[in-house]
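# Got a predicted model here, sequence first, then my questions.
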Amino acid sequence: MSQPHPFTGIVLAAGKGTRMKSEKPKALMPLLGLPLTMHGLSALKSAGSEPPIVVVGHGAEEVKRALGEQFHYALQTEQLGTGHACLQAIPFIAPHLKTVIVAAGDSPLVTDEAFLSMLQLHLESGAAATVAIAVLENPTGYGRILRDSTGQVTGIVEEKDATPEQKQIREVCTSFYVFEVAALRDALPRLSNQNAQGEYYLTDVIAMLAQEGAPVVAWVAPDPNLLMGVNNRWELAQAGMILRERLLKQFALQGVTVVDPLTTYVDAAVQIGVDTVIEPNTHLRGNTVVGSDCVLGPDLLVQDSRIGDHCQLLRSHIIQAEIESHVRVGPFANLRPGTCLKQGAQIGDFVEIKNAVIGEGAKAMHLSYIGDAEVGARANIGAGTITCNYDGARKHRTVIGSGAFVGSNSTLIAPLTIGDGAYVAAGSAINQPVPPDALAIARSFQTVKEGWAAKRREQSSKKEG
Ligand code: UD1
Ligand code: MG
């Protein structure tokens, strides 16, 4: 079998993205939990690209930090156009590479299959340049593809430079190309900026090569959305809808039940095991990993958390938490960062947990705050129990032993230790250690006055009489 043809990618991401009307660089606009530009870069990598070269400029440091060290970065200090941006990347192409894919950093719907298909056409046809085009119902804003009477691509005209007749053309430039490195390296320095925007257009390389007789071919996108560019926030939202549907379909085909795709929001990096059921209005964000055979939702938000197998999470907020298998949460639980629920734990309604480990099979079923705490296996936290972890200046820990029973409405004033198997009587305010197997009661005792109520009723009826 022949070796796959080695190639790298250049991704143009130096633009400000003026049309986003944002303080953030366009490359970092969030889309399904990832920076906009990361989507195309991931597709390039899974197509087998050598580490791609990202051209950065506007907010360069921020963009580099967000995308990480897995890429090469070329700096375009002034944004003089897509051709000028591409030129900055040329010195970073390894000498052994003959072929390069160029992609716009604002087209997040591209797939690894699309990249491979462009590359295949390019190599099979022996082209110097392959331009990826799409046929759009509404081509407004895109560069239009010009062809001669034989159908050969002769160039690309930008919307702002196009004549009214050219604006009728529905074949558009998508800003995805495959080039022979030698042809691109030779053409880029010769671009001119004599056009409506005074920019060096990468699109003009196509006309230049075609005029010089170099073979230029067109790869037509099978789906017009595949290479859609995102220039404003409405296009960002539309790309999000398409990407979301694509992702949910993938999960469904892999064995995840998605009850209502219209109200299910799953970020691109999320992983979900088979037989898990996602009920409506569920949001799974960031680097969340969910095991198999879970029921999630309805009405659930999980962010950057790990969930084991066979869990039931209902109508709750779960942020940066770790949940083992066979755990039940909700409705209306608020699990904040640092929550760890061990196997078989149960957390019920109006329970807030922060920076706390809840042991195997332990329960806190109603109306509690458990913060900066460790709760042992099988312990029972009664309704209304509060760990008073904050003294106004510092946070303190509460440690509750395994098998301990904390009665309802207990106030546990940290730092505090409650031993294994100990009992805390309901309604206690506890600020001294409770030894293992002891009972602690800290409340005023009840007084019963026999007949008091009857006597009172008698007195008041006499007055009225
Ligand atoms: C570009 C194409 C247009 C095509 C459209 C498809 C050109 C001249 N036009 O237009 O034909 O239909 O994409 O989406 O190429 N960038 C830089 N440095 C710059 C300018 C841009 O890195 O100096 C980057 C941007 O960050 C962006 C990409 O290049 O990721 C495309 O730039 P953008 O301004 O969005 O070009 P379009 O107007 O969309
Ligand atoms: Mg664009």
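Great, that's in hand. Ligands and ions are numbered 1, 2, ... in the order given.

# In contact with the nearest residue to I413 once chain neighbours are set aside, which residues?
Distances taken as Cβ to Cβ, 6 or more residues apart in numbering place N431 nearest to I413, at 4.0 Å, with adjacent residues excluded. Every C-beta, even on glycine, is put in place using the N, C-alpha and C of the backbone. Residues counted as contacts of N431 (Cβ atoms under 8 Å, 6 or more residues apart in numbering) are 413, 416, 442.

# I'd guessed the first one sits against A429; true?
Yes: between I413 and A429 there is a contact under Cβ atoms under 8 Å: 6.7 Å.

# higher neighbour count, the two?
I413 (17 against 14; other Cβ atoms under 10 Å).

# how far away is the residue of the stretch 151-300 of the chain found nearest ligand 1 from G15?
Proximity of the stretch 151-300 of the chain to ligand 1 (Cβ to the nearest ligand atom) peaks at G229, 2.6 Å away. Distance of G229 to G15, given as Cβ to Cβ, to the nearest Å: 11 Å.

# shared neighbours of the two, which are they?
With Cβ under 8 Å, 6+ apart as the test, G229 and G15 both reach D106.

# Which residues of this structure lie near ligand 2?
Proximity of the chain to ligand 2 (Cβ under 5 Å from the ion) is limited to residues 106, 229, 231.

# re the thing from before, which member of the contacts of N431 is positioned nearest A362?
Of all those, L416 has the smallest distance to A362: 16.7 Å, by Cβ to Cβ.

# ok, that closest one touching T398?
Yes: using Cβ under 8 Å, L416 is in contact with T398, at 4.9 Å.

# Of these two, which one has the most company?
Remark: of L416 and T398, T398 carries more neighbours, 25 against 20, as counted by other Cβ under 10 Å.

# Who is the more buried one paired with across the strands?
Taking DSSP bridges as the rule, T398 bridges to A373, L416.

# right, and it touches A414 too?
Yes: counting by Cβ under 8 Å, A414 is a contact partner of T398 at 4.6 Å.

# Okay, strands next: where are they in the stretch 351-465 of the chain?
Counting by DSSP state E, counting those that start in this stretch, residue ranges of the strands within the stretch 351-465 of the chain are 363-375, 380-381, 386-388, 398-400, 405-406, 411-413, 416-418, 423-424, 429-430, 439-440.

# on contacts alone, who are the packing partners of the longest one?
When you say that, I think you mean strand 363-375. On a contact count with 3 or more Cβ pairs under 8 Å, 6 or more residues apart in numbering; DSSP states H and E, strand 363-375 meets strand 346-358, strand 380-381, strand 386-388, strand 398-400.

# closest one to Y423 among those strands?
strand 380-381 (9.8 Å).

# so where do the helices sit in the stretch 1-150 of the chain?
For the stretch 1-150 of the chain, applying DSSP state H, counting those that start in this stretch gives helices covering 36-46, 60-67, 82-89, 112-125.

# so does the third one get close to ligand 1?
Yes: with Cβ under 6 Å from any ligand atom as the threshold, helix 82-89 lies in contact with ligand 1, specifically through 82, 84-85.

# Return the nearest residue of the stretch 301-450 of the chain with respect to ligand 2.
Q303 (29.8 Å; Cβ to the ion).

# Please name the nearest non-neighbouring residue to that residue.
Counting by Cβ to Cβ, 6+ apart, R285 is the residue found nearest to Q303 once chain neighbours are left out, at 4.1 Å.

# One more: V205?
A187 (4.6 Å).

# what residues are up against the residue nearest to S125 when sequence neighbours are not counted?
Closest residue in space to S125, ignoring its immediate chain neighbours: V217 at 4.9 Å, by Cβ to Cβ, 6+ apart. By Cβ under 8 Å, 6+ apart, the contact set of V217 is 121-122, 125, 127, 129-131, 153.

# Tell me which helix or strand V217 sits in.
strand 216-220 (DSSP states H and E).

# Could you spell out the sheet neighbours of that strand, each with its direction?
strand 129-135 (parallel).

# Is the strand it pairs with in proximity to ligand 1?
No: using Cβ under 6 Å from any ligand atom, we find that strand 129-135 stays clear of ligand 1, coming within 8.9 Å at best.

# Of the contacts of N431, just say which sits nearest to I272.
For the contacts of N431, the residue nearest I272 by Cβ to Cβ is L416; the value is 39.0 Å.

# Report the contact partners of the closest one.
Residues in contact with L416 (Cβ under 8 Å, 6+ apart) are 387, 396-399, 430-433.

# Under a three-state scheme, what state does V205 occupy?
helix (DSSP: H, G, I helix; E, B strand; the rest coil).

# Which residue, other than its chain neighbours, is closest to A114?
Nearest to A114 is L226, by Cβ to Cβ, 6+ apart, at 5.6 Å.

# On the three-state scheme, that neighbour is what?
coil.

# neighbours of it, just the number please.
Neighbour count for L226, taken as other Cβ under 10 Å: 18.

# what do you get for D304?
Close neighbours of D304, defined as other Cβ under 10 Å, add up to 18.
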